[in-house]
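> this one's sequence-less:
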């Protein structure tokens, strides 16, 4: 297997292989879980804003994580 090239984010492969759970995959999953975790007050504020915009909490939070700014 060749190492990832320029522009690769080092994420897990798109095809899940249960036998290939490596350190990088573990770190990736941990970082993803940490990114989605929010204190209760922040989650409630995001939910309120998402409802005002007619979006789901998941979609609104995804926008924040992708763009790094609030809508």
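Done, it's in. Everything quoted here is computed from the prediction, not taken from an experiment.
> mind listing what's buried in the helix or strand containing residue 63?
Assigned by DSSP states H and E, residue 63 belongs to helix 57-67. Buried residues in helix 57-67, counted by 16 or more other C-beta atoms under 10 Å: 57, 60, 61, 63, 64. For every residue, glycine as well, the C-beta is placed using N, CA and C.
> so what pLDDT did the residue nearest the centre of the chain get?
The centroid of the chain falls nearest to residue 32 when counting by C-alpha atoms, centre = their mean (4.6 Å). On pLDDT, residue 32 comes in at 86.
> related to what we said a few turns ago, show the average pLDDT along the helix holding residue 63.
For helix 57-67, mean pLDDT rounds to 90.
> by contact count, what packs against the lowest-mean-pLDDT helix or strand in the chain?
Across the helices and strands of the chain, mean confidence by mean pLDDT, DSSP states H and E is lowest for helix 23-36: a mean of 84. If you count contacts as 3 or more C-beta pairs under 8 Å, 6 or more residues apart in numbering; DSSP states H and E, helix 23-36 packs onto helix 57-67.
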